[in-house]
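**Q** have a look; sequence and predicted model below, questions after that.
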Amino acid sequence: MRFFFLENSAPMHEKCEREALQAADQDNSKDKDASTTDETEDPWDPPYDPCPPCETWEESEEWFHKTTALIANSRATNIITPDRTPQRVTDALWHKVPDLVSILEKDNVPGFLQLFNNNRGCMAWGFVITPETFNYIVSENALRCAKVALEGKAPELSGHRANPNYMNPYGYFPLHEAAEKFSVDMINLLFNYGASANVRTAGDKIIENLLPLHVAVENTCLHKYLEDSLLPFQDYPDRRDYVYKLIQLLCLPEMKIFLDTTRLLAKKTDNLLDELWNYVKDGKLVQTAVLLLAGQEQIRQVGSSKKRKGFSEPDGFDTIMTCLMKCSVALKEKRRDQNELEASLTLECIALLVNIISKAGEDLDAYIQTHSEIMQVPYVEVLERVSSILKDRGFFPTGEGIDVGNL
């Protein structure tokens with residue numbers, strides 16, 4: 001489910017190089033795009049030396065090839081927003097989508113290269129493979145085709161390659177698509193070719209300002225086990241039961257791929273503690289639990305964990321707990337209505353959650369990593385092991401736990 005698309009905005013299913021260069025030359029005289037990574041320079045139109053007076057055709061050709069190489073490299077290696085593909089090119093691709101998808105479903109590299117070679121006018125623009133073309137590749141999890149497109153070395157591509165940081169027409173990047181598919185292999189491939197985990201969605205077709213990490217976390221929270229097995233937070237007489245049950249559910253074998261994806265993105269996301277705190281302050285318990293469990297390695301690295309005179313420096317967990325304590329004190333001082341009481345109870349449960357992952361998270365994660373996609377582990381065995389880990393760390397799950405028969 002694409003939670004990050006706005007309603008009714010899901011995406012619909014030849015210019016020569018000299019003409020593209022001419023268009024780029026014209027754009028060089030226009031105002032620079034303030035949405036790009038550099039406030040003064042648009043990587044789509046990098047500065048280049050004008051063609052000097054040439055006495056021979058060879059000199060002109062040398063300048064042309066040098067300049068096109070410079071532009072092509074800039075467009076293939078920088079963050080590009082928004083999509084610069086002309087609508088007519090996008091429309092032309094639409095007619096080739098059935099053939100493209102059929103090829104990508106089989107991850108058929110020769111088929112993809114042949115299709116591209118015969119339809120370059122609608123699959124490439126401005127010296128790069130169009131972001132919509134590459135989005136189809138990522139969406140179908142066609143790893144071999146994606147690698148060929150990112151490399152751009154196949155003769156059939158004529159020097160065109162895909163940019164892993166090029167926003168598509170719908171306002172998101174390849175890494176958002178891979179995160180939604182929970183494809184760890186595709187995410188790793190994109191990272192290997194320079195994809196940034198810090199790109200955010202933008203535009204009127206999508207929920208804005210979302211990182212790939214947010215896509216993974218939010219879609220994890222939509223998993224059937226979490227939606228069906230957790231009662232509303234307010235329905236638990238002892239709110240701690242909600243926290244323990246949530247942790248048990250996240251440790252089930254079926255949740256491993258979701259946590260693996262989130263963990264991989266968390267490792268590359270800047271200011272992870274800020275993203276975690278946004279979930280905390282909004283009272284989003286499930287999202288907080290997912291990010292705490294999957295991103296704990298990075299959270300522990302915030303600050304220093306080295307011992308000094310018998311004491312350790314504060315890490316990210318300590319920072320979050322300190323902020324929670326301050327918020328809790330502030331709420332208790334002005335607690336007057338039911339909403340403030342609920343907010344205070346939510347903070348207490350988040351504090352318990354942070355404390356559990358801080359103390360038992362590494363053991364829980366080590367156990368989760370033992371799960372295999374091939375071997376089926378009985379749910380009862382998983383829940384017993386998780387409860388044992390929690391008890392060893394001083395936490396004692398209460399309540400009835402999970403009804404494994406309903407999973």
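**A** In hand now; what should we look at?
**Q** could you use CA atoms for every contact and neighbour count after this?
**A** OK.
**Q** spit out the contact partners of the residue positioned nearest the centre of the chain.
**A** Residue closest to the mean C-alpha point of the chain, counted by CA atoms, centre = their mean, is Pro212 at 1.8 Å. Pro212 is in contact with 175-176, 179, 197-200, 265, counting by CA atoms under 8 Å, 6 or more residues apart in numbering.
**Q** filter the residues you listed down to just the ones in helices.
**A** Among these, the members found in helices (DSSP state H) are 175-176, 179, 265.
**Q** out of these, which is most surrounded?
**A** Counting neighbours by other CA atoms under 10 Å, the top entry in those is Leu175, with 31 neighbours.
**Q** OK, contacts around Phe396?
**A** 387, 390 are the contacts of Phe396 under CA under 8 Å, 6+ apart.
**Q** just confirm it is within a helix.
**A** No - under the criterion used here (DSSP: H, G, I helix; E, B strand; the rest coil), Phe396 is coil, not part of a helix.
**Q** state the distance from the residue nearest to the centre of the chain to Tyr136.
**A** As for Pro212, its distance to Tyr136 is 17 Å (criterion: CA to CA, to the nearest Å).
**Q** rewinding a little: chain neighbours aside, what residue packs nearest to the residue nearest to the centre of the chain?
**A** Spatial nearest neighbour of Pro212, chain neighbours left out: His176 (4.5 Å); criterion: CA to CA, 6 or more residues apart in numbering.
**Q** mind putting the contacts of Pro212 into TSV with pLDDT?
**A** Shown next, in TSV, are these (pLDDT from 0 to 100):
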residue	pLDDT
Leu175	99
His176	99
Ala179	98
Ala197	98
Asn198	98
Val199	98
Arg200	98
Leu265	99
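**Q** now those residues as JSON lines including distance to Ile299?
**A** Listed next are the contacts of Pro212 as JSON lines, based on distance: CA to CA, whole Å:
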{"residue": "Leu175", "distance to Ile299": "22"}
{"residue": "His176", "distance to Ile299": "22"}
{"residue": "Ala179", "distance to Ile299": "20"}
{"residue": "Ala197", "distance to Ile299": "17"}
{"residue": "Asn198", "distance to Ile299": "17"}
{"residue": "Val199", "distance to Ile299": "20"}
{"residue": "Arg200", "distance to Ile299": "21"}
{"residue": "Leu265", "distance to Ile299": "13"}
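**Q** now, among these, which is nearest to Lys224?
**A** Ala179 (17.9 Å; CA to CA).
**Q** isn't that closest one right up against Glu218?
**A** No - using CA atoms under 8 Å as the test, Ala179 is too far from Glu218 to be in contact (10.4 Å).
**Q** name the helix or strand of this structure that has the lowest mean pLDDT.
**A** Of all helical and strand segments in the chain, the minimum by mean pLDDT, DSSP states H and E falls on helix 17-27, at a mean of 40.
**Q** could I get stretch 288-299 in PDB with only the CA atoms?
**A** Only the C-alpha atoms of stretch 288-299 are listed here, as PDB (Å, rounded to 0.1, in the frame of the first residue of the first chain):
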ATOM      1  CA  THR A 288       8.600   4.500  17.800                       C
ATOM      2  CA  ALA A 289       9.000   0.800  18.600                       C
ATOM      3  CA  VAL A 290       9.900  -0.100  15.000                       C
ATOM      4  CA  LEU A 291      12.500   2.600  14.700                       C
ATOM      5  CA  LEU A 292      13.900   2.000  18.200                       C
ATOM      6  CA  LEU A 293      14.300  -1.700  17.500                       C
ATOM      7  CA  ALA A 294      15.600  -1.400  14.000                       C
ATOM      8  CA  GLY A 295      17.700   1.700  14.500                       C
ATOM      9  CA  GLN A 296      19.200   1.000  17.900                       C
ATOM     10  CA  GLU A 297      22.700   0.600  16.600                       C
ATOM     11  CA  GLN A 298      22.800   4.100  15.400                       C
ATOM     12  CA  ILE A 299      20.900   5.400  18.400                       C
END
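**Q** wait, what's in contact with Thr67?
**A** By CA under 8 Å, 6+ apart, Thr67 lies in contact with 48-49.
**Q** quick one: the strands in the stretch 301-407 of the chain?
**A** All strands of the stretch 301-407 of the chain, identified by DSSP state E, counting those that start in this stretch, fall at 307-308, 311-312.
**Q** what mean pLDDT does the first one get?
**A** In this model, strand 307-308 carries a mean pLDDT of 43.
**Q** returning to what we had before: is the residue nearest to Pro212 in contact with Glu218, as I believe?
**A** No - applying CA under 8 Å as the test, His176 and Glu218 come out as separate, 11.9 Å apart.
**Q** what do the two both touch?
**A** Common contact partners of His176 and Glu218 (CA under 8 Å, 6+ apart): none.
**Q** that older thread, what's the farthest-apart pair in the ones in helices among the contacts of Pro212?
**A** That would be His176 and Leu265, which, of the ones in helices among the contacts of Pro212, are the farthest apart (CA to CA) at 10.3 Å.
**Q** for Ala294, which non-adjacent residue is closest in space?
**A** Nearest non-adjacent residue to Ala294, counting by CA to CA, 6+ apart: Arg263, 4.6 Å away.
**Q** any idea how far that neighbour lies from Ile389?
**A** With distances taken as CA to CA, Arg263 is found 21 Å from Ile389.
**Q** who has more neighbours out of those two?
**A** Set side by side, Arg263 and Ile389 show more neighbours around Arg263, with 25 against 18, by other CA under 10 Å.
**Q** pLDDT wise, what is that one at?
**A** 98.
**Q** gap between the two ends of stretch 302-317?
**A** Using CA to CA, the two ends of stretch 302-317 sit 8 Å apart.
**Q** also stretch 49-63?
**A** End to end - CA to CA - stretch 49-63 spans 9 Å.
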